[in-house]
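A.B. asks: One predicted model, sequence on top.
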Amino acid sequence: MTTRLLSGVTGQRVPTSRLTVHTLHLGRDGEPVVFVHGNVSSSLFWQETMLALPERYRPVAVDLRGFGDSDPLPVDATRGLDDYADDVLAFLDAYGLERAHLVGWSMGGGVVLRVTQAAPARVASLTLVNPVSPYGFGGTHGVDGALNHPSGAGSGGGTANPDFVARLAAGDRSDEAPTSPLQVFLTTYVAPGFTADPETVDRYLDSMLSTRTGDDHYPGDSTATDAWPGTAPGTRGVLNTMSPLHLRIEGLEKIDPKPPVRWVRGDRDVIVSDTSLLDLAHLGSIGAVEGWPGPEQAPPQPMVSQTRRLLDRYAEAGGRYTETVIDGAGHSPHLERPEEFLDALVDGLEQA
């Protein structure tokens, strides 16, 4: 992993009360900005953004457990994303950061939301980048995240594509199949038209391939259910942390103090979307997955609308949030439109 560091970026393993966390930093002082990556990735995805931040900020990116070079401790999915959130708080303690700006991408957006709920006084500002819905991934409908089925059918470890998981575990670097990690990056992480030099793409691929696989990590275990599509969440591993049975981020409006929130998203995101191409219910509705029982039993999840409802409640209770939509960007606006993303990020930091 460390062979893919850009000039000026340093890796460091930081012992904490919970685990040893691998971090990237620039070795400078200033207001701390802590970056948290998403699923099937690592801190390597943040390097360009870290280097572009104005000098008055002190960027640090962390690897979550089971990703990058942090300890691969098992993930207790019954806690939702709280294993990860508690790890981030333990890192803040060990690194001596009483208060920091938090930036979370995709699954990392859910992690920093849980950190904020647990310790709002330690959060100077919150930047959510294409964040996972507050009701997780799959198996819900409506802006308040009602379950499609009591079992959580359509979410959890059993929803991962098994060929993608096998290729991830094998370290596949080819582009020979739609399920190869490289093709998944090019077709879902970024929107069509994304261009980068081969070395940069290799760095992102290295990051993806650092993901630990198995029941305790990605994708996690699963259970059978009679409800379509026949799979329901287990209790271990990454995807089960984002099952609506285990993750329900509610009551954000009750925290005090209320840090300002900047929500940044690409308008062409196909992962976190009201029509997500990774939501089995949406795929069923367009005929891409067989046996879909119809919208009464398995409606697609309106992920973006669910996040907006959470933040609207926050604003109604006296909080402050700004939504920035970056045209032409997909799930990774910090990679696809770095200048526009940096403008939105820095504006949010400065307003705090």
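C.D. replies: Ah, there it is.
A.B. asks: Going by C-alpha atoms from here, please, whenever you check contacts or count neighbours.
C.D. replies: Noted.
A.B. asks: Of all residues in the protein, which one is nearest the centre?
C.D. replies: M107 (1.9 Å; CA atoms, centre = their mean).
A.B. asks: ok, that one - contacts?
C.D. replies: 37-39, 131-132 (CA atoms under 8 Å, 6 or more residues apart in numbering).
A.B. asks: avg pLDDT for the helix or strand hosting G284?
C.D. replies: Using DSSP states H and E, G284 falls within helix 280-285. Helix 280-285 carries an average pLDDT of 98.
A.B. asks: For that helix, name the packing helices and strands.
C.D. replies: If contacts are counted by 3 or more CA pairs under 8 Å, 6 or more residues apart in numbering; DSSP states H and E, helix 280-285 sits against no helix or strand.
A.B. asks: returning to what we had before: against I271, how distant is the residue lying closest to the residue nearest to the centre of the chain once chain neighbours are set aside?
C.D. replies: The shortest distance from M107 to any non-neighbouring residue, by CA to CA, 6 or more residues apart in numbering, is to G38 (4.5 Å). Using CA to CA, to the nearest Å, we find G38 at a distance of 12 Å from I271.
A.B. asks: if we can go back for a sec, buried stuff in the helix holding G284?
C.D. replies: For helix 280-285, burial by neighbour count (16 or more other CA atoms under 10 Å) applies to 280-285.
A.B. asks: Please enumerate the helices of the stretch 151-300 of the chain.
C.D. replies: Counting by DSSP state H, counting those that start in this stretch, residue ranges of the helices within the stretch 151-300 of the chain are 162-170, 181-184, 198-209, 238-241, 280-285.
A.B. asks: Out of the ones you listed, which is the most enclosed?
C.D. replies: Of these, the one with the most neighbours on average (mean count of other CA atoms under 10 Å) is helix 238-241, at a mean of 32.
A.B. asks: Check whether V21 sits in a helix, strand or coil.
C.D. replies: strand (DSSP: H, G, I helix; E, B strand; the rest coil).
A.B. asks: Closest one to P192 out of the buried residues of helix 280-285, please.
C.D. replies: Distance to P192 across those (CA to CA) is lowest for L283, with 19.5 Å.
A.B. asks: check contacts around that closest one.
C.D. replies: By CA under 8 Å, 6+ apart, the contact set of L283 is 276-277, 289.
A.B. asks: same thing but 6 Å
C.D. replies: Shown in contact with L283 (CA atoms under 6 Å, 6 or more residues apart in numbering): V289.
A.B. asks: again, but for E176
C.D. replies: By CA under 6 Å, 6+ apart, E176 has no neighbours at all.
A.B. asks: same question, L26
C.D. replies: By CA under 6 Å, 6+ apart, the neighbours of L26 are V9.
A.B. asks: Low-confidence stretches in the chain?
C.D. replies: 1-3 (pLDDT under 70).
A.B. asks: give me that answer again for 50
C.D. replies: 1-2 (pLDDT under 50).
A.B. asks: Now do the strands in it.
C.D. replies: Using DSSP state E, the strands assigned to the chain run over residues 10-15, 20-25, 31-36, 57-62, 100-105, 123-129, 140-141, 146-147, 213-214, 218-219, 222-224, 231-233, 261-266, 321-326.
A.B. asks: Any chance of those strands in CSV with mean neighbour count and distance to D202 as columns?
C.D. replies: As requested, the strands of the chain are arranged in CSV below (neighbours: other CA atoms under 10 Å; distance: least, CA to CA, whole Å):
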stretch, mean neighbour count, distance to D202
strand 10-15, 16, 18
strand 20-25, 23, 18
strand 31-36, 23, 20
strand 57-62, 24, 19
strand 100-105, 25, 20
strand 123-129, 25, 22
strand 140-141, 24, 35
strand 146-147, 17, 39
strand 213-214, 20, 20
strand 218-219, 26, 21
strand 222-224, 17, 31
strand 231-233, 27, 32
strand 261-266, 25, 23
strand 321-326, 17, 25
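A.B. asks: Tabulate those in a markdown table, adding columns for distance to V165.
C.D. replies: Shown next, in a markdown table, are the strands of the chain (distance: least, CA to CA, whole Å):
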| stretch | distance to V165 |
| --- | --- |
| strand 10-15 | 27 |
| strand 20-25 | 24 |
| strand 31-36 | 22 |
| strand 57-62 | 23 |
| strand 100-105 | 21 |
| strand 123-129 | 25 |
| strand 140-141 | 24 |
| strand 146-147 | 26 |
| strand 213-214 | 7 |
| strand 218-219 | 7 |
| strand 222-224 | 14 |
| strand 231-233 | 16 |
| strand 261-266 | 26 |
| strand 321-326 | 30 |
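A.B. asks: returning to what we had before: quick one: closest of the helices of the stretch 151-300 of the chain to D76.
C.D. replies: Going by CA to CA, the one of those nearest D76 is helix 238-241, 7.6 Å.
A.B. asks: Tell me the helices and strands packed up against the closest one.
C.D. replies: Packing partners of helix 238-241 (3 or more CA pairs under 6 Å, 6 or more residues apart in numbering; DSSP states H and E): strand 218-219.
A.B. asks: what sits up against the strand it packs on?
C.D. replies: With CA under 6 Å, 6+ apart, strand 218-219 has contacts from 157, 237-239.
A.B. asks: What of stretch 329-349?
C.D. replies: So stretch 329-349 is contacted by 189-191, 262, 266-269 (CA under 6 Å, 6+ apart).
A.B. asks: ok, which pair from those residues is furthest apart?
C.D. replies: A191 and R262 (21.7 Å).
A.B. asks: who are the neighbours in contact with T241?
C.D. replies: 77, 80-81.
A.B. asks: ok, now with 8 Å
C.D. replies: 76-81, 136, 156, 247.
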